[in-house]
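Colleague: Below are the sequence and a predicted model for it; my questions follow.
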Amino acid sequence: MRDITKMERIGAHSHIHGLGLDERLEPRANSQGMVGQGTARKAAGMILKMVQEGRIAGRAILFAGPPSTGKTAIAMGMAQTLGPDVPFTMIAASEVFSLSMSKTEALTQAFRRSIGVRIKEETEIIEGEVVEIQIDRSLTGATKTGKLTVKTTDMETIYDLGSKMIDALSKEKVLAGDVIVIDKTSGKISKLGRSFARSRDYDAMGADTKFVQCPEGEIQKRKEVVHTVSLHEIDVINSRTQGFLALFAGDTGEIKPELRNQIDTKVAEWREEGKAEIIPGVLFIDEVHMLDIECFSFLNRALENELAPLVIMASNRGMARIRGTKFRSPHGLPVDLLDRMLIVSTKPYIDEDVEQIIQIRCQEEDVTLSPDAAKVLTSLALETTLRYALNLISCAQIVARKRKSEQVEPDDLKRAYSYFMDEKRSVQWIKEQQGALVFEEAEVAQNDVMDTT
Ligand SMILES: Nc1ncnc2c1ncn2[C@@H]1O[C@H](COP(=O)(O)OP(=O)(O)OP(=O)(O)O)[C@@H](O)[C@H]1O
Ligand SMILES: [Mg+2]
């Protein structure tokens, strides 16, 4: 029988649930889906700590290391460790090159998405236990008026009800004996539960009825509500050409710099009045070597802005050409940018780590490997790449299912291995074809010329 509860698709990083660190930020060997890579995980944990304390802004961190050493995985783990209030934005550098907006605009939006503004608002509420609801209908039934009696342990008040409030009360099925909260600005009514005083009317309620105390003190209270939005959301909502619907469409277009300046001034005012608080978040730019020289110089400048988030980047390049120039530089990034960053390196995995990552992925994908197959796959991962081996898991499962087995054996892996090539074998195969493929003569030198355009 097909398992119908597990219909979610499984992504490459869906096994990662955090960084797997203990309270002292020491990496646990295998926790929250994370294995090995201790130094980098610890570094990531320290960075998060600084972000959560709100102490640093405008810093940049680079995760540098060979492909499939867990750079993106660590970033995903960081995102899950940050609180729900702290914005985390993840972009791939190539997303910046879009037709609908300039590169710098795309980067600015990404920056502003990563800065949260926690806004405090005071609202008036009415909170109390309903004593009585009395509704008078006019003769035709077209208009309704009524009275609502609410009490706390200290006082009792009668409010006049209009037809809107009456509808809202009946929609929430409010009865005498309920403890309710009415937001005076929006008129929203919510039921907190039944009053304990009424707990003896047991015939009138279901098993899931929640009992609460009758509130004390004043019926009308001031209450502070807090919500967090990003600077980018404030920009979009206030941009006359876009309007807030653009937030849902995701099609926000370019936003004028004057508007952004106005918003920054407004937010600064709110901060001074104590109405708002800035929460610097995290912007993760994956594959950062795909940015070009203009973007890099923009980053240099943007990082110095007071409202800059923590920027984390990842690159798997060694010495590489800086896009848009003829120059080569470490990680494909200009030295002046590198100079501003802290660099964390991720190292290739040792055997045990690889074995455990494979096990975790098998659990995640619901695949059973026989002990022999696990050994084969581990040595395969070391020989080729970790990603290739992880990709083979689901292929081998299909092969195993074809012979009506739920367990993957070394033979299934062997077949999957023969169907799908890894990079090394593919290169070998191209060599063997000796020019039969299209565009093969393109020289390295020519490639270089194309790169700089
Ligand atoms: N320490 C780890 N613990 C658990 N799973 C990991 C770990 N490191 C990597 N993985 C998994 O291995 C796969 C490859 O890792 P990832 O995509 O993070 O590599 P990367 O460093 O970003 O590579 P690239 O430079 O090619 O982008 C992913 O499925 C990832 O979730
Ligand atoms: Mg990656």
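Modeller: Cool, got the structure. Numbers count the residues shown, from 1 in each chain. Ligands and ions are numbered 1, 2, ... in the order given.

Colleague: C-alpha only now, for contacts and for neighbours.
Modeller: Will do.

Colleague: Can you name the element that comes right after the longest strand along the chain?
Modeller: When the chain is parsed with DSSP state E, its longest strand is strand 115-137. On the C-terminal side of strand 115-137, the nearest following helix or strand under DSSP states H and E is strand 144-151.

Colleague: tell me the average confidence for that following strand?
Modeller: For strand 144-151, mean pLDDT is 89.

Colleague: helices and strands around the helix or strand containing residue 47, which ones?
Modeller: Take DSSP H and E as the rule and residue 47 turns out to sit in helix 38-52. Applying 3 or more C-alpha pairs under 8 Å, 6 or more residues apart in numbering; DSSP states H and E, we find helix 38-52 packed against helix 71-81, strand 341-345.

Colleague: quick one on the thing from earlier: by how many degrees do the longest strand of the chain and strand 144-151 diverge?
Modeller: If you take axes from the mean of the first three to the mean of the last three C-alpha atoms, to 10 degrees, strand 115-137 sits at 110 degrees to strand 144-151.

Colleague: what's next to the helix holding residue 47, contact-wise?
Modeller: Contact partners of helix 38-52, identified using C-alpha atoms under 8 Å, 6 or more residues apart in numbering, comprise 19, 21, 25-27, 29, 56-57, 74, 78, 82, 280-282, 310, 344-346.

Colleague: what about the closest residue to ligand 1 within the stretch 201-350 of the chain, neighbour count?
Modeller: Closest to ligand 1 within the stretch 201-350 of the chain is residue 316: 4.5 Å, counting by C-alpha to the nearest ligand atom. By other C-alpha atoms under 10 Å, the residues close to residue 316 number 21.

Colleague: any idea how far residue 70 is from it?
Modeller: 11 Å (C-alpha to C-alpha, to the nearest Å).

Colleague: How about the longest strand of the chain, which residues are buried there?
Modeller: Neighbour counts over strand 115-137 (16 or more other C-alpha atoms under 10 Å) mark 115-120, 125-133, 135 as buried.

Colleague: repeat for stretch 313-330
Modeller: In stretch 313-330, counting by 16+ other C-alpha under 10 Å, buried: 313-317, 321-323, 329-330.

Colleague: what's the closest of these to residue 276?
Modeller: residue 313 (28.9 Å; C-alpha to C-alpha).

Colleague: Near ligand 1, which residues of the stretch 201-350 of the chain are found?
Modeller: The stretch 201-350 of the chain comes close to ligand 1 at residues residue 316, as judged by C-alpha under 6 Å from any ligand atom.

Colleague: what about the nearest residue to residue 285 once chain neighbours are set aside, which SS state?
Modeller: Take residue 285 and drop its neighbours on the chain: the residue closest to it by C-alpha to C-alpha, 6 or more residues apart in numbering is residue 313, 4.7 Å away. Three-state call for residue 313 (DSSP: H, G, I helix; E, B strand; the rest coil): strand.

Colleague: hang on, the earlier thing: the helix holding residue 47 close to ligand 1?
Modeller: No: using C-alpha under 6 Å from any ligand atom, helix 38-52 never reaches ligand 1; the gap is at least 8.1 Å.
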